[in-house]
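Engineer: Let's see this in three dimensions:
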Amino acid sequence: MGILGRINRVIKGNINEVLDKMSDPAKEVDLLISEMADGLKQAKEEVIGATASAKRNEMHAADRLREVERWQGRAEQAVQSGDDQLAREALGRKMTCDRELELANRAVAEQRGYVDELKTSLKALEARLQDVKLRKESIKQRARAAKDGEQPLKGGEAATEAKFARLEREKNPEVEDELSELKRRIEEGK
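Structural biologist: Just a heads-up that it's a prediction; the model follows:
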């Protein structure tokens, strides 16, 4: 599996499922963060390598374009001097360079797409790692509690996050203003 597949697996992975399987939450959460950090480092190296490869492809395409223009100029020069046979040979070479240029441009487009996809995945992985780092202690506590049978681990954090997300979506500025005004009137009436 390539680096993109590994990154996407980590991004899409369910932390709660991982926590369910932990035997020592304190150590394993730290290990999970360490593995994610290592994956992030590898992903950054892959982005650097892919970007360098894209630059090489762009340079190759630019070389091919110069060759096309060079053979076009030579064909024109041969026609001006009245040498049709030489012009045919130059145009034949130009056509070969045109095909090479087309392939080089295709490679450039593919590599740019790959680099863009890598960068997007890298940002998502960075965000996921930051999220896990920020929640590290609460994750450890929840995992310990679940292991000790104090509370179920599945869905707890996700359910809480979903409730907060729903509250944020449901906030209506007009309703909030009206609520504040109502509270103020009630306070004054006491």
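Engineer: Mind giving me the packing neighbours of the top helix by length along the chain?
Structural biologist: For the chain, the longest helix by residue count, based on DSSP state H, is helix 25-80. Helix 25-80 sits against helix 3-12, helix 15-20, helix 84-134, helix 136-147, with contacts defined as 3 or more CB pairs under 8 Å, 6 or more residues apart in numbering; DSSP states H and E. Yep, even glycine has a C-beta here, placed from its N, CA and C like the rest.
Engineer: Excluding chain neighbours, give the residue nearest to W71 in space.
Structural biologist: Residue nearest to W71 in three dimensions, not counting chain neighbours: K94, with 3.6 Å by CB to CB, 6 or more residues apart in numbering.
Engineer: how close does that neighbour get to G73?
Structural biologist: The spacing between K94 and G73, counted by CB to CB, to the nearest Å, is 9 Å.
Engineer: just to revisit the earlier point, let me know the angle separating the longest helix of the chain from helix 84-134.
Structural biologist: With axes from the mean of the first three to the mean of the last three CA atoms, to 10 degrees as the basis, helix 25-80 and helix 84-134 are set at 170 degrees to each other.
Engineer: quick one: average pLDDT of helix 25-80?
Structural biologist: Per-residue pLDDT over helix 25-80 has a mean of 91.
Engineer: and G73, how many neighbours does it have?
Structural biologist: 12 (other CB atoms under 10 Å).
Engineer: for it, what are its contacts?
Structural biologist: By CB atoms under 8 Å, 6 or more residues apart in numbering, no residues touch G73.
Engineer: again, only this time at 10 Å
Structural biologist: Residues in contact with G73, defined by CB atoms under 10 Å, 6 or more residues apart in numbering, are A90, K94.
Engineer: same deal with M59?
Structural biologist: By CB under 10 Å, 6+ apart, the residues touching M59 are A104, V108.
Engineer: Give me the distance between it and Y114.
Structural biologist: Distance, M59 to Y114, using CB to CB: 17 Å.
Engineer: Could you do R88 as well?
Structural biologist: To Y114, R88 is 40 Å away according to CB to CB.
Engineer: Of the two, which one has the most company?
Structural biologist: Using other CB under 10 Å, the more surrounded residue of R88 and Y114 is Y114, with 18 against 13.
Engineer: which non-adjacent residue is nearest that one?
Structural biologist: Of all residues not flanking Y114 in the chain, A50 sits nearest, at 5.7 Å (CB to CB, 6+ apart).
Engineer: one step back: which one of the helices and strands packed on helix 25-80 has the lowest average pLDDT?
Structural biologist: Looking at these, the weakest mean confidence is helix 15-20, a mean of 60.
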